[in-house]
Structure formats: structure tokens, C-alpha cells
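Trainee: sequence first, predicted coordinates after that:
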Amino acid sequence: MNSKIIVVSVVAILIIAGISVFVWSDNKEENGGWYAWDPTIGEVDYTKISTTPQIIDQLETMYEVVYGTLPSTDGVTIPDGKELQYNSLVTKVSGGIEVKSNYTNSSGFLDTKTIYFTDSEISKMKIISYGYGITDSYVDLLGATVWDTVVAAGNTTWDDYPDNEMINWSDGGSSGSLGSEYNLSELNLLSYLEKAGAKDNGNTYCLVVWGYIQNYDDVVKMLFDNGYTNVEVLRVDYYAITSFEYLLSVQDLLGQIVGIDSLDNGVISNFQLRYYVIEEALESDTDVKKVYLERADKKSPGSETLSQLCFDTLKLTNINITKGTTMLSDEVIVSEQPDYIFFVKGDTRSMDQRMRVTV
Amino acid sequence: MSELDSFEALKVIRRKTFRKYLIVTIVALFLLVMAFFIALKTGPVYISFDKLINLLFGNGNQTDVYIIQQIRLPRILCCAIVGAALSIAGLAMQGLFRNPMASPSILGVSSGAAFGAALAMGFGIGSIFGSYSVTLMAFIFCFGTTFLVYFLARTSGGVSMTMLLLSGIAVGAFFNGLVSAIQYLVDSSTLPGIVYWLMGSFASCGWDSFKLALIPIVIGIVIIGFCANELNIISLGEDQAGTLGVNVKKVRVLLLIGTSLAVAGSVAISGIIGFVGLIIPHIFRMIVGPNHKILIPLSIIGGAAFMIIMDAIARWIIMPDELPIGILTALLGAPFFIYVMRTKKKYRMGGE
């Protein structure tokens, strides 16, 4: 092989290729991508489209993109029967409340346990928020839900918590058991309780476990073995929150555990008011408006997602009709030509990339 | 046997062999053309076959023209050049290392590219490249990894194939660890983008991607193509190749550069797609033998056709959603390869 031939060939190829690209680029007009049908573009914080009351913020963001200025809630009173209704997960009984907690029993089957909180326990209640197998940021969100519920209602028993962070943590990578292996999560719980002086301070604690916990019985036994008879374990299936109504039911549950009556729950009333003004403003709207929401990984929420709840409330027709979060082909998007396109915060792509603009 | 008989016999064998190569090449080209049109037709938006040609030339409903010209066509062309690049890169690696399991990823270049892309997506490094930050970071790290592997493999006695192989595996593992670390550290909103990129997909490939990848891939293919004769000789063994006048060191460097360019150009636009560089050269080797002068063009054609078909399946199988093609090539490619291996009786690596 003659190296000169190689060098000459490579240089020739480079020159030809360079000229081709130059000519090609020079002759091609900029392709406007999805700008071709002039959709309205918005941005949402996708992490907050969640099973927490913060979803209302994103609902309002979407409203402003689609309809303009958000209706004010100042001086607005919801007429009777018009507020967003929800079913209570709490049963009031004599001297306290009863709450049902799902858990996986020692045989591995789903079971239900009834937890009884006395009025006395409720008056001294502190909630510990724990999430397994979910991202830290989502656990923070769920923890914030707990915090907002109590602080919004002006409950001052939270003031003497030694460390806010200790009341809220996750074990995304662990086996999910707070059992007898003395894994990290167990040390966290026990060390927090010890730091808080839980055995002697007269408080009652409710460990709210968001989602699945593998060894419920072991957790209860572990707490008992370590002398924490004042700690109750309550499992809340956050992923079962598939409607705004159930979201409020869970808020009500958290509130009632710490002694906040349904009618006094600031988080619930705030949500209901903000939801009402949106619903009222759109009551007579019948225009068909197509919407498409795309994440950074180009996946889009379809039906049976929290985003769909928002779209339904805003009377927007989601062009992604598949179930769950899936990647929609660009062809479908071009074919459907959605009127509103939402992207998510944290998407590092440029707007041209998102809108498929090519040169 | 007289000399005349043996010469005539040789001529007959050469004629038969040439005919075989010609038939295989024609069949491969036919498959490529068929794959092109099938892929052009495939998509969630229905477009009839008779409209395709008109739409290719811009005649017809503007939405359909856009779909064909701006979405499907550049995507198919990207599939073709990436498939060709990965196939020929795999062929080069198998020839160079004289190892049938060698593939473009053996040098850790794919892992290096993944790290570059993850840096860009996770931390915005390379933002000076603007919209092309991910693509160019993948390219730079892919190419840079080759040099890193080469220099790590250097010893006082030069660079041996074994050291290159080990160095590539080590560097690949190192970058894989770094990618995992980035995935662990990034925000939850950024993580899906990185994971998706690592699975390999042509979903984001348009004309920009095609233009970006074309030059390095073509140069890489040309460099490898020029080494066809040397690859044949190296398959006899490096020592023997040296005695037959081949500058093994120079050929090795050229092949590494060519492979890196081809793989870097591919990974930059499509992410990590495995198995193509492994199975396509083997399939053709089983059919036409180990002559690289024949294998190289066939691998280019076959790799292109294979990738186009795989992408069409990825777009069709869960329509209107799309499956990342890297998953598909692994799921379909591996069993198919095993099947071909088990049903083909004659198989030579060359030099055997």
C-alpha cells in the first residue's frame, strides 16, 4: 500500500466532502421544524406534576400558557357543593380516629391493618415521612406535602424537631426492609428517634411510609424491640393517587393524624379554591385544543397519567393517546400539529433541538 | 496432474468464486434497496406506496412531504451510514485482533463516547458547541479514547494486540463506571435523557445528524477499505505479515484511526448500538469467505441494510411508540447470529 496514495485520497475526500457540505448547506433553507404550524410553547416543572398538592402550581402554569392571566382567588368563595369533593380515609370513632393501612404480611400477601389513634395521641403527634424505592427528589416532594399540611394549619408542635431533614428520607437503593438486618434505613430511624428523645418526650409518632414496604411486621417488631411503643407505622400508597380527589383524601388523612380537622386543612382548602377558579373560568369553553408535552428523553405522558389530569381540567386534547408515558413518533406530532407544546424544566436541549429545527 | 489441468482448474474456480461474489453482492444491493423503500413506507402516519416517489421529490400534501423528506429520509440515510460504519469497524477489529469476538466496542470507544455524551447532558460540559454539544462530546471522547487505549497499551517492546485488547477492556470498564456515576449524580429530570441515549436510537436523527456523521464515517470507511489487502495478510499472523512486507505498526494505527472515526461518527448521532459490528461481518464471512477485499464492500452494504431494517422494526413494533434500536439489535441480533453459526458448517476466520 502506498502511503502517498492514502494521503492524497484522504485530502481529496476531505476537500470534496467539504465542498459538498458547503454547497449543500448553502442551498438548503432552514427547516423551521415544528414552528411551521406556529404552536404556543410553554414550560412546566415536570417533577412537580406529582401526587402532591404542588401539582396545582403546574396546572396554573399550563393555564396561563393556554388561556392567559390566571383568574384571581381574592375574595372568591366556593359555592356549596361546587368544591372538589373527596372521600375521607379516616373514620371518626369514640375517643379518636381509625385509619386503614395496607401492608405486605409475612406470607407476602397484601393485607390491611386498622390503626387507631386516640385524641390524646393525636394532640402530641409527629409524622415521620419515609419513602422507599423512589427518587430522593420525589421523597422531598412527599415530605414537603407532610410539612405543608402541618405548617399550613399552624401546628406548632413541629418547632422542636431537632433536624428537619431527619423527618424525611428515602432508601432508593436498599432492599426496602426496615427489618432486623440493621441496615442504613433502620439506623436512620432509630437514631432519629433517639436524637428526638422519642421514648421520653411524651410525643406520639406516625411513620408514614410512602408506597411499598417489604417487611412491615419486622419494622413494627423492630420498633417494639427497641422500646418505641409510641411509634405507629402507616403505609400510604402514593402511586394510587390518580385523581385530584384522592390526592385531597391523602392530605386529609395526614391532617387528621396530627389533629387538623378536614374543614381546617389549609392545604385542602387552598387546592380546592385554586382548582375551582380554573374550573369556573373554563366552564363554557368548548374549543378543541390539542396539546403535547415532551420530557427531556422525548417521552410524553399519555392517558392515565397525572399530566392527563391537568389536560382534562384545562380542556386540552392530548395528542398522545397511549397509556402511560411513552415516546411518540415525530410523524404523529407533525401530523397532529398540536396547538400547545410543553417542554420540561431541566431539559438541556436547545429550543431549536426541541422544536426539531434543522439547517 | 499436468500444469495445464491445474491452471484450467484454477480458472474455473476463480470464475465460480467471482460468480458467487457477484450474486451475493447483487442480492445484498437488492436487499438494501428493498430495505430503503420498506423503511420509507414504515411509520405511524400512513403513506401509500404509490405516493412515496412523488413525496420524495416534494410533490404532494405538505405534511406528508415533510414526514418523508425531513423525518424518514434523513433517518434512513443515518441508519445506512451508521450500519455501514459499525459493520466495517467490526470487520476491521476482527481482522486486526484475529479474534472473532472483536467488535467496535472492544477498544472501549463506545464507553468513552457514552461518557462524553453523559457529561454534556448531565453537566452541560461542552456547551460551547451549542446544539451539538452532546454529539460533539460523544465524538471527541470516542476518538480520544482510542488514543488513550493505544498509549496505555504501549510498552518498551511496542504495542501488542493482547495489550491493546486488555487496555481497551480496562478503559471501557472505567468509562462505564464513570457513566454510572453520572447517572447516579444527575437530577432526576436529566437522567431519563441519558439512559435513553445509552440505549441507542435514531429518533433524533435528521439532516443535521446525517451531515455531521457523514464525513468522519466516510473517511473511516475509506481508511479501512485501503487496508483490505493488509488485513488479509495480517490474518496469517503479524510475524508472517511482517515478513511479507506489511508494515504492521502503520496498518494497526491506520485501522485504529479508521475504526475510531467510523465509530465516533456513528455513536455521535445514534448513541450506543451493539451487535452490528459483530454479526454482519460474520454473516458475510460465512457466505463468501475471509477475503477482506470482498468482505469490506459487502459489510458496508449488509450493515446499511441491516440497520435500516432494524430501525424500521423499532418504529413499527410498538407503533406509535418507538423502541430504542440498541435493544432491538441485541434482542434480535444475538439469537440470529447463534442460529446462523449453528446452521453453517463451513466457517473460517482466515489464516485457518
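Mentor: Cool, the structure landed. Source: prediction; values computed, not measured.
Trainee: tell me which strands and helices whatever helix or strand B:Ile26 lives in is in contact with?
Mentor: Assigned by DSSP states H and E, B:Ile26 falls within helix B:3-41. Using 3 or more Cβ pairs under 8 Å, 6 or more residues apart in numbering or on different chains; DSSP states H and E as the contact test, the elements touching helix B:3-41 are helix B:49-56, helix B:73-97, helix B:276-288, helix B:292-316. The way it works is simple: take the backbone N, C-alpha and C, and place the C-beta from them, glycine included.
Trainee: and the shortest one, average pLDDT?
Mentor: Read that as helix B:49-56. For helix B:49-56, the mean per-residue pLDDT is 85.
Trainee: the inter-axis angle of that helix versus helix B:3-41?
Mentor: 90 degrees (axes from the mean of the first three to the mean of the last three Cα atoms, to 10 degrees).
Trainee: tell me which residues of helix B:49-56 are tucked away?
Mentor: For helix B:49-56, a neighbour-count test (16 or more other Cβ atoms under 10 Å in any protein chain shown) marks B:51-52, B:55 as buried.
Trainee: what average pLDDT does the helix or strand following it get?
Mentor: Reading on from helix B:49-56 to the C-terminus, the next helix or strand found by DSSP H and E is helix B:62-66. Per-residue pLDDT over helix B:62-66 has a mean of 89.
Trainee: do stretch B:272-288 as well
Mentor: Taken as a whole, stretch B:272-288 has an average pLDDT of 88.
Trainee: got it, and stretch B:209-223?
Mentor: For stretch B:209-223, the mean per-residue pLDDT is 90.
Trainee: using CSV, write out every CA atom in it.
Mentor: The C-alpha trace of stretch B:209-223 is given here as CSV (Å, rounded to 0.1, in the frame of the first residue of the first chain):
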residue,chain,number,x,y,z
SER,B,209,-27.1,14.4,12.1
PHE,B,210,-26.5,13.0,8.7
LYS,B,211,-24.3,15.8,7.6
LEU,B,212,-22.4,15.7,10.9
ALA,B,213,-21.7,12.0,10.8
LEU,B,214,-21.2,11.5,7.0
ILE,B,215,-17.6,12.9,6.8
PRO,B,216,-16.0,11.0,9.7
ILE,B,217,-17.8,7.8,8.7
VAL,B,218,-16.8,8.1,5.1
ILE,B,219,-13.2,8.8,5.9
GLY,B,220,-13.1,6.0,8.4
ILE,B,221,-14.6,3.6,5.9
VAL,B,222,-12.1,4.7,3.2
ILE,B,223,-9.2,4.3,5.5
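Trainee: center of chain B - which residue?
Mentor: Nearest residue to the geometric centre of chain B (Cα atoms, centre = their mean): B:Leu86, 0.7 Å.
Trainee: how about the contacts made by A:Lys315?
Mentor: Contact analysis of A:Lys315 by Cβ atoms under 8 Å, 6 or more residues apart in numbering or on different chains lists A:282, A:285, A:287, A:289.
Trainee: run the contact check for stretch A:342-359 versus chain B.
Mentor: Yes: Stretch A:342-359 is in contact with chain B by Cβ under 8 Å from any Cβ of the partner chain, via A:344-350, A:352-353, A:356, A:358-359.
Trainee: where in the stretch 101-250 of chain A is pLDDT low?
Mentor: Along the stretch 101-250 of chain A, the model assigns pLDDT under 70 to residues A:103-106, A:108, A:132-136, A:150-188, A:212-215.
Trainee: ok, which stretches of chain A are strands?
Mentor: A:40-44, A:90-93, A:96-104, A:110-118, A:125-132, A:168-171, A:204-210, A:231-236, A:290-294, A:299-301, A:317-318, A:325-327, A:340-344 (DSSP state E).
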